[in-house]
Every structure is written in C-alpha cells, then in structure tokens.
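Participant: predicted structure and sequence below. I'll ask about it afterward.
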Amino acid sequence: MKRLKKAKHVIYLLIALAMLVIALPRISFAGGMDWVNIFGIVWVLFSLLIIGAHLHFILGVDEEKKRALEAVRRAKLRQWEMKLVDKQEQSKSV
C-alpha cells in the first residue's frame, strides 16, 4: 500500500515537472508587469509548490517527523510515570 502511494506521488511529480519544462520556455517574463506576465509568474510558482509538496512526501519528511514526535511523546510519558511513582512512594512513606 505504501509503495502504491509513493508511486502515485512520483507519477504526479513527473507530470508537474513535464508541465513546467514544456511551459517555461513559452512563458515570457519580459515586457513589464501586465496580466499575462503575472499569470506566468503565478503559474510557475504554483507548479514549483506542487513539485515541492510531492518531493516532501516522497522523501518521507513526514515519517521522520512522526517518529521524532513519537519519541518525544514516549519520553514525556516515562517522565510522568516516574513522577507518579515518586509521589506514590512519598505518600506511602508518610
């Protein structure tokens, strides 16, 4: 299942790259700031955003974050358990 998701993102990434490579030479950025040039700039920025999002997923940055957050959560849970055990031991000794 995980490979299927990554394959889907690779295909979408390749499509977005192909669209950018085909369209970039045809977009003229010269001639001032008129609506056509603004559209071209926004289109390029949007396609770069899509490419970045797919690269983010393919490289597994989310998975690394999840693992790191899970480790922090487990460490905090251990600390709370230790505090609870200490409180119980103090209440028993009194």
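Facilitator: Arrived safely, thanks for sending. Numbers count the residues shown, from 1 in each chain.

Participant: chain center to the longest helix anywhere in the chain: distance?
Facilitator: Longest helix in the chain, counting residues (DSSP state H): helix 61-93. Offset of helix 61-93 from its chain centre (Cα atoms, centre = their mean, to the nearest Å): 27 Å.

Participant: same check on stretch 82-94?
Facilitator: Offset of stretch 82-94 from its chain centre (Cα atoms, centre = their mean): 43 Å.

Participant: which stretches of the protein have low pLDDT?
Facilitator: Low-confidence segments of the chain, defined by pLDDT under 70: 1-2, 94.

Participant: centroid residue for it?
Facilitator: With distances taken as Cα atoms, centre = their mean, the residue of the chain nearest its centroid is His56 (4.5 Å).

Participant: mark out where each domain of the chain begins and ends.
Facilitator: Domains of the chain are assigned by the TED database as 1-59, 60-93.

Participant: pick the most buried one from those domains.
Facilitator: Highest mean neighbour count of the domains of the chain: domain 1-59, a mean of 12 (counted as mean count of other Cβ atoms under 10 Å). No exception for glycine: its C-beta is placed from N, CA and C like everyone else's.

Participant: please name the residues that touch Pro54.
Facilitator: No Pro there; residue 54 is His. If you count contacts by Cβ atoms under 8 Å, 6 or more residues apart in numbering, His54 has them with His9, Val10, Tyr12, Leu13, Ala16.

Participant: now it: how far from Glu63?
Facilitator: Going from His54 to Glu63 by Cβ to Cβ, to the nearest Å gives 15 Å.

Participant: do the same with Ile50
Facilitator: 20 Å.

Participant: ok, now Lys76?
Facilitator: To Glu63, Lys76 is 21 Å away according to Cβ to Cβ.

Participant: which secondary structure element is home to the residue nearest to the centre of the chain?
Facilitator: Using DSSP states H and E, His56 maps to helix 35-58.

Participant: run the chain-centre distance for that helix.
Facilitator: Using Cα atoms, centre = their mean, the offset of helix 35-58 from its chain centre is 15 Å.

Participant: if anything else comes up later, I'll come back, but that's it for now.
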